[in-house]
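Peer 1: have a look; sequence and predicted model below, questions after that.
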Amino acid sequence: MIKLFIWIWVGFTLPISLSIIFTVLKPIVINDTTGVSMLAIIIIVGLVDTYLGVKVFEKQIQPRLEKRKKKAIFLNHPAN
């Protein structure tokens with residue numbers, strides 16, 4: 001479940017994050033003729049974005065899923 005969420009999270013947020021970062025750091029990217037700065041920015045932004053996705057899953061989504069799972073188990077429990 002976490003892999004699916006991270007794939008969706010990164011798929012939606014990484015392009016947005018990269019476009020914002022490259023717009024802000026445009027002078028650095030333009031002056032670098034080797035492309036090393038662009039690769040470094042992509043790696044850093046990708047790692048930070050993935051880390052944020054994991055934290056969102058751990059703090060927001062996983063507790064809701066566990067709560068829902070406990071509720072489903074309680075409702076399906078046979079009466080004594």
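Peer 2: The structure has been received and is ready for your questions.
Peer 1: average pLDDT for stretch 70-77?
Peer 2: In this model, stretch 70-77 has an average pLDDT of 68.
Peer 1: show me the residue at the heart of this structure, geometrically.
Peer 2: The centroid of the chain falls nearest to residue 53 when counting by C-alpha atoms, centre = their mean (2.6 Å).
Peer 1: which ones are touching that residue?
Peer 2: 5, 6, 9, 10, 13 (C-beta atoms under 8 Å, 6 or more residues apart in numbering). (C-beta placed from N, C-alpha, C; glycine too.)
Peer 1: what values do phi and psi take at it?
Peer 2: phi -60, psi -40 (degrees, to the nearest 10).
Peer 1: where do the helices of this structure begin and end?
Peer 2: All helices of the chain, identified by DSSP state H, fall at 2-24, 26-31, 36-56, 62-76.
Peer 1: what's the first one in contact with?
Peer 2: Put plainly, it is helix 2-24. By C-beta under 8 Å, 6+ apart, helix 2-24 touches 29, 38, 41-42, 45-46, 48-50, 52-54, 56-57, 61-62.
Peer 1: export only the CA atoms of it, formatted as PDB.
Peer 2: Provided in PDB are the C-alpha atoms of helix 2-24 (Å, rounded to 0.1, in the frame of the first residue of the first chain):
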ATOM      1  CA  ILE A   2       2.800   2.400   0.900                       C
ATOM      2  CA  LYS A   3       4.600   1.800  -2.500                       C
ATOM      3  CA  LEU A   4       1.400   2.600  -4.400                       C
ATOM      4  CA  PHE A   5       0.900   5.800  -2.400                       C
ATOM      5  CA  ILE A   6       4.500   6.900  -2.900                       C
ATOM      6  CA  TRP A   7       4.300   6.200  -6.600                       C
ATOM      7  CA  ILE A   8       1.200   8.300  -6.900                       C
ATOM      8  CA  TRP A   9       2.600  11.000  -4.600                       C
ATOM      9  CA  VAL A  10       5.800  11.400  -6.500                       C
ATOM     10  CA  GLY A  11       4.000  11.200  -9.800                       C
ATOM     11  CA  PHE A  12       1.900  14.200  -8.900                       C
ATOM     12  CA  THR A  13       4.200  16.300  -6.800                       C
ATOM     13  CA  LEU A  14       7.600  15.800  -8.300                       C
ATOM     14  CA  PRO A  15       6.900  17.700 -11.600                       C
ATOM     15  CA  ILE A  16       5.400  20.500  -9.700                       C
ATOM     16  CA  SER A  17       8.300  20.700  -7.200                       C
ATOM     17  CA  LEU A  18      10.900  20.600 -10.000                       C
ATOM     18  CA  SER A  19       9.200  23.300 -12.000                       C
ATOM     19  CA  ILE A  20       9.100  25.600  -9.000                       C
ATOM     20  CA  ILE A  21      12.700  24.900  -8.000                       C
ATOM     21  CA  PHE A  22      14.000  25.300 -11.500                       C
ATOM     22  CA  THR A  23      12.200  28.600 -11.800                       C
ATOM     23  CA  VAL A  24      13.700  29.900  -8.600                       C
END
